[in-house]
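Visitor: Make a model of this:
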Amino acid sequence: MDANRALTELIEGRLAPGVYQWRTPPVPGAVGDTGWTGRAEEAGLRAFHLDGRRARDKESFLRLCADVFEMPGAPPGDWDVLGDGLADLSWTPAKSGYLVLYESWSELADADQRSLRAVLDVFARAVKAWRDTSTPMTVLMSSVGVEVAGVPRLA
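Guide: As a prediction, the model looks like this:
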């Protein structure tokens, strides 16, 4: 399944919510392309784009999440606070679900492998918290040529 078809399957509800690797073709300028958000939002999904080039350690990732998810108050101080926020999201409701695209996650993996594992755990718990609701969450870990162990490939 190619990446575009996988996104269509997700948007149309034929793909189970989860944390997936989304292999994208190496296209110049592709990182940071947020054209997919319009498609997602037309389908009733609240779309979030995490640009991992801005997060090379725990603190910068937590700040990035505070900005992208528009979290009220101060940035989360630890992984548990971030997880609680992602399991809530009452300040940014969605019609039919949440879609997170985390691009350039390899930046964090290269600099702080332990934090990347914590991020994956936080995302997995958030997906689980939303799974049986009318607004499930899916996280796509976009990658070009690299993979993260233990995360299923979507395309």
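
Visitor: looking at this, V139 is in a helix?
Guide: No. Counting by DSSP: H, G, I helix; E, B strand; the rest coil, V139 falls outside a helix, being strand.

Visitor: For it, list each beta-bridge partner.
Guide: Beta-bridge partners for V139, by DSSP bridges, are V19, V100.

Visitor: From A74, how far off is it?
Guide: For V139, the distance to A74 (Cβ to Cβ, to the nearest Å) stands at 24 Å. (Each C-beta comes from the backbone N, C-alpha and C, glycine too.)

Visitor: Looking at those two, which is more packed in?
Guide: Neighbour totals were compared for V139 and A74, and V139 leads with 25 against 10 (other Cβ atoms under 10 Å).

Visitor: show me the contacts for the more buried one.
Guide: By Cβ atoms under 8 Å, 6 or more residues apart in numbering, the contact list for V139 reads G18, V19, Y20, V100, Y102, F123, A126, V127.

Visitor: Counting by contacts, list what the host helix or strand of the fifth one packs against.
Guide: When elements are assigned from DSSP states H and E, Y102 belongs to strand 97-103. The criterion is 3 or more Cβ pairs under 8 Å, 6 or more residues apart in numbering; DSSP states H and E, and the helices and strands that strand 97-103 contacts are strand 45-51, helix 113-131, strand 137-143.

Visitor: Out of the ones you listed, which is the most enclosed?
Guide: Of all the helices and strands packed on strand 97-103, strand 137-143 has the most neighbours on average by mean count of other Cβ atoms under 10 Å, namely a mean of 25.

Visitor: Render the CA-only coordinates of that one in CSV, please.
Guide: The C-alpha trace of strand 137-143 is given here as CSV (Å, rounded to 0.1, in the frame of the first residue of the first chain):
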residue,chain,number,x,y,z
MET,A,137,-6.4,8.9,17.4
THR,A,138,-3.8,7.7,14.9
VAL,A,139,-0.2,8.7,14.9
LEU,A,140,1.9,8.4,11.7
MET,A,141,5.7,8.4,12.2
SER,A,142,6.8,9.7,8.8
SER,A,143,10.1,8.3,7.6
